[in-house]
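>>> one predicted model, sequence on top.
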Amino acid sequence: MTAPAATFDSPLGPHLRRLGRAAPVRFAPVLAVLFVLLVWPLAMLAVGSFRTAAPGFPGEWTLKAWGSVFNVPAVRESVANSLTISFVTTAAAALLAAGLAFLSERTDAPLRRWITPAIVVMFATPGLFYAVGYALLGNAYTGLFNQIARSLTGLENLTLIDIETWGGLLGVMVLKKVAVIYLFLIGPFRALDPSHDEASLTAGAGTFETFWRINLPILAPALTGAILLGVVTGLQAFDMIVILGWPQDIQVITTRIFEFITVAAEPDYARASVLSLSLLLLIAALSFLQAKILGTRSFFTVGGKAREGQRLKLGRLRWVFGALIGLYLFAAAVAPIGSVAFSSIQPFPGVYENLSLRNYAEVLRIQRVVPSLLTTLALSAGVGLAAMGLAVAAVQAGRAGGARTAVVIRFTTLIPLAMPGVVTALAIAWAFVSTPGLQQLYGTIYLTGLAMIACVMPFAMQAAGAAMAQISPDLQEAARTSGASGPRALADVTLQLIAPSFLTGWFMAAILTSGNLDVPLLLDAPGQRPIAAVIYDLNNRGDFSIACALLMLTLLAKAGVGLGGYAVLKAGSGLARRRLSSLAKDRS
Amino acid sequence: MTRVILRNLHKHFPGRAPGVVAPKRGAINGIDLEIASGEFFVLLGPSGCGKTTTLRAIAGLEEPTEGIIQIGDEVVADAARGVFASPNARRLGMMFQSYALWPHMTVAQNVAYPLERRRPKIPRAEIARRVDEVLDLVGLSGLESRFPSQLSGGQQQRVALARALSASPRLVLFDEPLSNLDAQLRFRLRHDLRRIHDEAGSTSIYVTHDQAEALALADRVAVLNHGEVEQLGPPTEIFLSPKSRFVAEFVGYENLLDGTLEVGGGFRPDGWLRPLTGRWVAPALAGARGCAAIRASGLHVSLDATEAGPNALVGVLQAVTYLGDRYSARVAVGGQVLFATLAADRWSPGRPVNGETVHLWAKPSDVVLIPASPEPAPALREEAA
């Protein structure tokens, strides 16, 4: 042993500082990418609202757009429409979703096991598919539903449903929104600790009383969160309105923004920016309200013990509830998909002769369809991978960089949640056009891709965060104390353990990207139009049956990729296990 | 030689408002320790006392706010000079409370991992040999190709131990590694841990809140409270001569009586008429405040006055609990409740308690008298100096 004083000059040299304060520096590239992708566009959007000219062109500073935009009666009307749609559909969808979640998780109703899978399918189905499906099903004249009703009753002029009305639009949006809210609620419903119920039951409360007095208050944060999420998605709605609302002149904020830029004779970028920012502020205020109401409370407990709690016995009523579930599943899942599938073999909606697969052959003969399918595949896979990779890096940076870094990252990645796809696309376009060096990306598929990464970032963060949260920090620390460097520990432990969740997140992000209509409609890359935009064009032109055939093809492709990926994942994990254990045998 | 030196170690966690450093669970406020090479050193304390933070600072998983950490001859952390070695540069082994076994690796892969990270590289054959050796040491030969999820809790614990030891680290850190096991297994593994420490010859630092573990394992124990060392010494000293009320309470003295040292050397608990005679753990002057600590096992109850010994007291029996080889009795003396021991042949299970008058006594060596240390009156402090 030597005197300690002599060793104060560290013999370990400069490689000493690798943890702690060094972390923000190491994660600087991640923060820089997040800034360019999410913060910079927001700033440019704000700047753009004070300019007289289009982005990238010389113009003057002005407050004109801010002063004038809300004086336009049409704009006021679309704001009112947005709010109406948002609140009405949220109220209805939240009730439906909570009821379904309760039936699925807490009761013995028949068909309950079908609810979650059906809703996952609905969530993954783009709004475009839904809108087209219902438009064909509920058309007052040629709709399948009305036709069947007429042939059953023999009444020639009977019209049971007209989808091209306010009621029709709201109904379809409710059915779709139930999926979002349900998926948000189901985790907390499932995570309810059965011991809380048991404590209440042994205290003398009945099952209904326990739900009312114990479960519901515990779920309050999740419920408020779900309702606010519903309002936010309602304000962002675009594709459904474009397809179901435009024919009846129903305009909302997002479609008005779109119109300012693309449809008007003279693009009015400043007004589009003002409208975008106002929407963003409204959504940010709602999110702030949510944070205020809930504080940092997080009630629901995820216990390690996954036990089946006591299910409410519905008795004879169970058949009534079973029938209600069946009705919902039919209306929300079977009907729209069936409608698209049937239309794809019809020569034209309303024509019931000469059913054939001709439309499929024809759609593949359209020149741009195959390249568009390939573009979409590459775009979705690339965007999904990039978003998930960035999200994992961001979560890791937040973990290693301390509380402040984590807050900055969390806030930054939530920005797109407040931006409808149209707004994100606009903001990204402005940011890149006005930045020398990035201008060249304008008009290319890469800019479309970047905007789509921004759009799926909140989802990717959610997926990556959930995956990483399951990995105890101990596991990585154990690697560090075993002599592994930071990146090495990440690669050897965390990345390997989150691999299945990562692939699932990648797939879901790709699915969301492939169904995104807002971004490609606004950021056109000549010759490289994603399939959602092509379908929209076909549908707009009146080629309904061919559009349906293409919708079916993309649906089948997604299902194929999904099932194939699942099989590979299963086989892969089995193989990895066998390989690992045989390796271990060699060693021993 | 791997001694560990902590000098004036501080770790503060940021409070809610930025810039405000509030005392927080797990913070450490100036710890000085010198742990000798080859020593089995235990950090003992209640949850939140800073023992795990201290251990994590030694491991390099927390960066100290202030102070110096030296392992062997290397200064691995020196806040003032901005020196901070990352955990992988410290050549140590650590066993986690949760075991932290990697679920995607087999037992052999888990144990081999620290060896594979060593630079210069260790040849594969040597790694395999060493894995066998360590698994043999912990009694897990034959389970090499199992995954952690296929093992029992006790086996997982042994894998974690094997992994901590496999690269022959100069220092092994233990973070409450036995707290997740049942009592019987804990007892067995305690003995194994000490045996393996003696065989491996490395320095060990062990964190626990379980005094029995500290007794069984330690060469020396540091009792921590609010991020400071409350008492430091061999286990016998900690258990027989606690230096403060906190330590006495924490190591299981059931009866703690505050009082005053009287002229003539007796200690009179507040509200009592008669003084106790006992053993002072530190010098004190007449009039000084202090505390008498008596274990229930050292305070005897008899139903018959003739059996009573020194420090005799009279009390009223309130309750009796059967403990197998003896009874535990709750006795009211004056306004206080004391816990004492009733010999097995003096009572019978199930016999009702009817407020019997009983006699208590304790050997002076079992009455530990602890002078109160915090904030003595200024005049007294000068006298003591």
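Thanks, I have the structure now.

>>> distance check, A:Gly230 against chain B.
Applying Cβ to the nearest Cβ, to the nearest Å, the value for A:Gly230 to chain B is 32 Å. Quick note: C-beta positions are derived from backbone N, CA and C, even for glycine.

>>> revised request: answer the last question for A:Ser86.
35 Å.

>>> quick one: buried residues of whichever strand or helix holds that residue?
If you go by DSSP states H and E, A:Ser86 is part of helix A:73-106. For helix A:73-106, the neighbour count (16 or more other Cβ atoms under 10 Å in any protein chain shown) marks A:75, A:78-79, A:81-83, A:85-86, A:89-90, A:92-94, A:96-106 as buried.

>>> let me know the next secondary structure element after the helix or strand of chain A with the lowest mean pLDDT.
Taking mean pLDDT, DSSP states H and E as the measure, helix A:23-26 is the helix or strand of chain A with the lowest mean score, a mean of 57. Following helix A:23-26 in sequence order, the next helix or strand is helix A:28-34 (DSSP H and E).

>>> just the helices in chain B please.
With helices called from DSSP state H, chain B shows them at B:51-59, B:107-116, B:124-137, B:153-165, B:183-200, B:211-217, B:235-240, B:245-250, B:378-384.

>>> so for the longest one, mean pLDDT?
Taken as a whole, helix B:183-200 has a mean pLDDT of 85.

>>> same check on the last one?
For helix B:378-384, the mean per-residue pLDDT is 39.

>>> how far does stretch A:35-50 stretch from start to finish?
22 Å (Cα to Cα, to the nearest Å).

>>> can you list the buried residues in it?
Of the residues in stretch A:35-50, those buried (16+ other Cβ under 10 Å) are A:36-42, A:44-46, A:48-50.

>>> now stretch A:541-557
A:543-555.

>>> roughly how far out does that stretch sit from the chain middle?
Here stretch A:541-557 is found 22 Å from its chain centre; the criterion is Cα atoms, centre = their mean, to the nearest Å.

>>> so where's chain B shaky on pLDDT?
B:1, B:14-25, B:374-385 (pLDDT under 70).

>>> find the centremost residue of it, please.
B:Leu44 (2.6 Å; Cα atoms, centre = their mean).

>>> state the distance from A:Leu538 to A:Leu192.
46 Å (Cβ to Cβ, to the nearest Å).

>>> over to B:Val111?
39 Å.

>>> quick one: which of the two has more around it?
Neighbours were counted for B:Val111 and for A:Leu192 using other Cβ atoms under 10 Å in any protein chain shown; B:Val111 has more, 31 against 22.

>>> surely that one meets B:Asp136?
No: B:Val111 is not in contact with B:Asp136 according to Cβ atoms under 8 Å; the separation is 11.1 Å.

>>> near the closest residue to B:Glu62 other than its chain neighbours, how many other residues are there?
Leaving aside its sequence neighbours, B:Glu62 sits nearest to B:Arg56 (Cβ to Cβ, 6 or more residues apart in numbering or on different chains; 4.4 Å). For B:Arg56, the count of nearby residues is 21 (other Cβ under 10 Å).

>>> now swap in B:Glu307 and tell me
With other Cβ under 10 Å as criterion, B:Glu307 counts 14.

>>> closest residue of the stretch 51-200 of chain A to chain B?
A:Ser195 (19.7 Å; Cβ to the nearest Cβ).

>>> just the pLDDT for that residue.
71.

>>> so it, which state does it fall into?
Of the three states, A:Ser195 takes helix according to DSSP: H, G, I helix; E, B strand; the rest coil.

>>> gap between it and A:Gly204?
16 Å.

>>> now swap in A:Gln367 and tell me
72 Å.

>>> for A:Thr444, same thing?
Counting by Cβ to Cβ, the gap from A:Thr444 to A:Gly204 is 68 Å.

>>> look through chain B and tell me its longest strand.
Criterion DSSP state E: the longest strand present in chain B is strand B:313-322.

>>> and it, what does it pack onto?
strand B:326-333, strand B:336-343, strand B:357-361 (3 or more Cβ pairs under 8 Å, 6 or more residues apart in numbering or on different chains; DSSP states H and E).

>>> out of those strands, nearest to A:Ala361?
strand B:326-333 (90.1 Å; Cβ to Cβ).
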